[in-house]
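**Student:** What shape does this take:
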Amino acid sequence: MRIVGGSHRGRALHAPPDQGTRPTTDRVRESLFNMLLHSPSLLTDEGKTRLEGGIVLDAFAGSGALSFEALSRGALHAYLFEIDPAARRCILRNASELGLSERITLRAADARQPGRASVPVDIVFLDPPYRSGLGTPVLQGLDRDGWLKPQALAIIETDAKGAYAVPEGFDLLEERQQGPARLTFLRKKP
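**Tutor:** Numbering: from 1, shown residues only. All right, here's what the predicted structure looks like:
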């Protein structure tokens, strides 16, 4: 697993040692970030990317690959939620080796109960276990607890075989199938 673009392109990432974590593949991450940077429907009303100088949240962090990719491509700060201690150790190791420790906030938190936001974010990545049904309730909880800025983007990775129902309060911007994954891009309604 490697960072596929930006200032840390090609740098290796460590994955948690257990089989309970399914890291987003390099190909899916590359597709996701290409869309974030180049798809007109995902840009701000001023035609700018939300990534450059933005704050991101990785709700099911695993190895932290989505956050580190975002930081490599210009995000200012990343919040990561991860309940597994081995995965948290992996995230801290990756952050240290990349020199990004000061640009992350790692919480030993269950994304289903995030608590009040420290700072609202521009982009939230939701990569729950496939077929868990956690994408929607977690997104709604983050919204309820003030984690999402007005018109924040939410990117949900699910199993390509299943459909994702857009929750109330969000607009569907794009969907893309990438191998076994489906990426659903939503925007919080103003």
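**Student:** which residues does L172 contact?
**Tutor:** Residues in contact with L172 (Cβ atoms under 8 Å, 6 or more residues apart in numbering) are V166, T184, F185, L186. C-beta here means a position set from N, CA and C on the backbone, and glycine is covered the same way.
**Student:** Go ahead and confirm the first one touches K188.
**Tutor:** What it means is V166. No. Counting by Cβ atoms under 8 Å, K188 is not a contact partner of V166; they are 11.5 Å apart.
**Student:** Low-confidence ranges, this structure, go.
**Tutor:** Along the chain, segments meeting pLDDT under 70 span 18-25.
**Student:** Go again with 80.
**Tutor:** Applying pLDDT under 80 to the chain flags the ranges 17-28, 40-41, 43-47, 129-133, 162-164.
**Student:** Longest strand in it, by number of residues?
**Tutor:** strand 148-159 (DSSP state E).
**Student:** Buried ones in the helix or strand that that strand is followed by, by neighbour count?
**Tutor:** Sequence order places strand 170-178 as the next helix or strand after strand 148-159, per DSSP states H and E. Of all the residues in strand 170-178, those buried under the rule 16 or more other Cβ atoms under 10 Å are F170, L173, R176, Q178.
**Student:** what residues are up against the last one?
**Tutor:** Read it as Q178. Q178 sits next to R27, V28, S31, L32, A160 when contact means Cβ under 8 Å, 6+ apart.
**Student:** quick revisit: please say which of V166 and K188 ends up with more neighbours.
**Tutor:** Shown here are V166 and K188; by other Cβ atoms under 10 Å, K188 has more neighbours (19 against 16).
**Student:** Look up how far R103 lies from the more buried one.
**Tutor:** Note on K188: its distance to R103, by Cβ to Cβ, to the nearest Å, is 24 Å.
**Student:** do S96 as well
**Tutor:** S96 is 12 Å from R103, where distance means Cβ to Cβ.
**Student:** And these two? Which one has more around it.
**Tutor:** Taking other Cβ under 10 Å, S96 and R103 do not tie; R103 has more neighbours (15 against 10).
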